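Visitor: sequence unknown, structure follows:
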């Protein structure tokens, strides 16, 4: 990349830093759950509109999704992805305000060199990452058709070129029993909570006999109305995780059997509802990841091996990564000992350290996208790596 283009991108992001951080702080102060991110969506769309970019809202089947093309040259299309949903009870403890801000900053930074970039840069607002699989739903509606590369960052306690990811399936269960007086006539009742807890215990036993990269965890969301009433209804939500799609498909029937065993053991009826979307593992594109790392290091960040995170989560960016070349690196916004999905991480996501992660994310994403659009050799390497990863070459 020409040094002049690089500097124009960085200067634009620096000039917009106050605007960008204002967006980050506003989203952080007003957390919204999956599919309900109306404030964040409107704020991001209104912000790009201030800079002459039309945002199309409510796209690809989702009310709180949007897309905005900030450049429109002939050539490949790069999508920079924003997330902006939060977690129940603990707000932006996954730092999605920083993800949204980094994507916004990258897109507007690239706008400054639109006259020199072949191809198209698209800012894509993707709701419901924490629950519901918004990117997969958008993909089914065509959001990634014609996208040649998809880029985003995620905050963490360390800098990584790729987020360690495994697959996840969401499942909800409802047990139906029969209520009765728990002391006077317990024999007249069928205890739905017993059914759910039997299943929970069966799953706990199953955990001893699954692979190291597999996880099953859940909560009781409904357990009865009063201790002296035999619960006629109990409900729970569970996540089932595995290293890849094949292993996930093999594990899900074993968990299903635990739910059914709870019903048989208690005399209840059970409804098991598997979510329509399974999150896939992350198929990181090596040439794009190496390009991002080089630009991240130029900003003073040191990248660690993936195992430095100490575990693996899940993201619907995995689904995108099996459709088009993708990266999902992590940038430190907190000390290494602060874990994601914890209230302390939410505080760091609104801190000055979080601000720096958002701006560095914008810079590194923009420079990576510019390199890709300007370098046919990188485009070819990216496509080749993707085809090999998918068994297509």
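Guide: Now that the structure is in, tell me what you want to look at. Being a predicted model, the structure only gives us computed values, none of them experimental. Numbers count the residues shown, from 1 in each chain.

Visitor: Provide the contact partners of stretch 351-363 at residue level.
Guide: Applying Cβ atoms under 8 Å, 6 or more residues apart in numbering, the contact partners of stretch 351-363 are 9-10, 13, 17, 20-21, 24, 95, 97-99, 101-106, 109, 153, 155, 295-296, 299, 301, 331-334, 348. Every C-beta, even on glycine, is put in place using the N, C-alpha and C of the backbone.

Visitor: Go ahead and build a ChimeraX selection from the buried members of the residues you listed.
Guide: Here is the ChimeraX selection string for the buried members of the contacts of stretch 351-363, based on 16 or more other Cβ atoms under 10 Å:
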select :9,10,13,20,21,24,95,97,98,99,101,102,103,104,105,106,109,153,155,295,296,301,331,332,333,334,348
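
Visitor: Keep only those of the contacts of stretch 351-363 that are in helices.
Guide: The members of the contacts of stretch 351-363 that map onto helices under DSSP state H are 9-10, 13, 17, 20-21, 24, 97-99, 101-106, 109, 295-296, 348.

Visitor: mind showing which ranges of the chain have poor pLDDT?
Guide: Applying pLDDT under 70 to the chain flags the ranges 308, 310, 393.

Visitor: Got the domain ranges for it?
Guide: Domain ranges of the chain: 3-164+282-389, 167-279, per automatic domain parsing.

Visitor: just the ones you listed: most buried one?
Guide: Across those, the average number of neighbours (mean count of other Cβ atoms under 10 Å) peaks for domain 3-164+282-389, which reaches a mean of 21.

Visitor: all strands for the stretch 201-350 of the chain, in order.
Guide: With DSSP state E, counting those that start in this stretch, the ranges of strands along the stretch 201-350 of the chain come out as 215-222, 233-242, 269-279, 326-327, 330-332.

Visitor: right, so of those strands, which gets closest to residue 160?
Guide: Of all these, it is strand 330-332 that lies closest to residue 160, at 4.3 Å by Cβ to Cβ.

Visitor: Going by contacts, tell me the helices and strands next to that closest one.
Guide: When contacts are defined as 3 or more Cβ pairs under 8 Å, 6 or more residues apart in numbering; DSSP states H and E, strand 330-332 packs onto strand 154-156, helix 352-374.

Visitor: Could you tell me how far it lies from the centre of the chain?
Guide: Strand 330-332 sits 14 Å away from the centroid of its parent chain (Cα atoms, centre = their mean, to the nearest Å).

Visitor: do you know how far residue 320 is from residue 12?
Guide: Residue 320 sits 26 Å away from residue 12 when distances are taken as Cβ to Cβ, to the nearest Å.

Visitor: One more: residue 319?
Guide: For residue 319 relative to residue 12 (Cβ to Cβ), the value is 31 Å.

Visitor: Could you do residue 210 as well?
Guide: Applying Cβ to Cβ, the value for residue 210 to residue 12 is 49 Å.

Visitor: what do you get for residue 118?
Guide: Taking Cβ to Cβ, one finds residue 118 at 19 Å from residue 12.

Visitor: hey, where'd the helices end up in the stretch 51-200 of the chain?
Guide: Secondary structure of the stretch 51-200 of the chain (DSSP state H, counting those that start in this stretch): helices located at 96-111, 134-140, 192-206.

Visitor: Distance to residue 269 for these - can I get that in TSV?
Guide: Below are the helices of the stretch 51-200 of the chain laid out as TSV (distance: least, Cβ to Cβ, whole Å):
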stretch	distance to residue 269
helix 96-111	38
helix 134-140	30
helix 192-206	9
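
Visitor: Quick check: which of those is nearest to residue 276?
Guide: Using Cβ to Cβ, the helices of the stretch 51-200 of the chain put helix 134-140 closest to residue 276, at 8.2 Å.

Visitor: Can you spell out which helices and strands pack onto that closest one?
Guide: Secondary-structure packing of helix 134-140 (3+ Cβ pairs under 8 Å, 6+ apart): strand 269-279, helix 317-321.

Visitor: Go again with 10 Å.
Guide: Packed against helix 134-140 by the contact rule (3 or more Cβ pairs under 10 Å, 6 or more residues apart in numbering; DSSP states H and E) you find strand 120-125, strand 269-279, helix 317-321.

Visitor: now these in a markdown table, with distance to residue 285?
Guide: Below are those laid out as a markdown table (distance: least, Cβ to Cβ, whole Å):
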| stretch | distance to residue 285 |
| --- | --- |
| strand 120-125 | 17 |
| strand 269-279 | 18 |
| helix 317-321 | 7 |
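
Visitor: tell me how far stretch 334-342 is from the chain's mean position?
Guide: Offset of stretch 334-342 from its chain centre (Cα atoms, centre = their mean): 17 Å.

Visitor: ok, now stretch 120-137?
Guide: Worked out by Cα atoms, centre = their mean, stretch 120-137 lies 8 Å from the chain centre.

Visitor: Out of the strands of the stretch 201-350 of the chain, which gets nearest to residue 389?
Guide: Distance to residue 389, taken as Cβ to Cβ, is lowest for strand 326-327 among the strands of the stretch 201-350 of the chain, at 10.4 Å.
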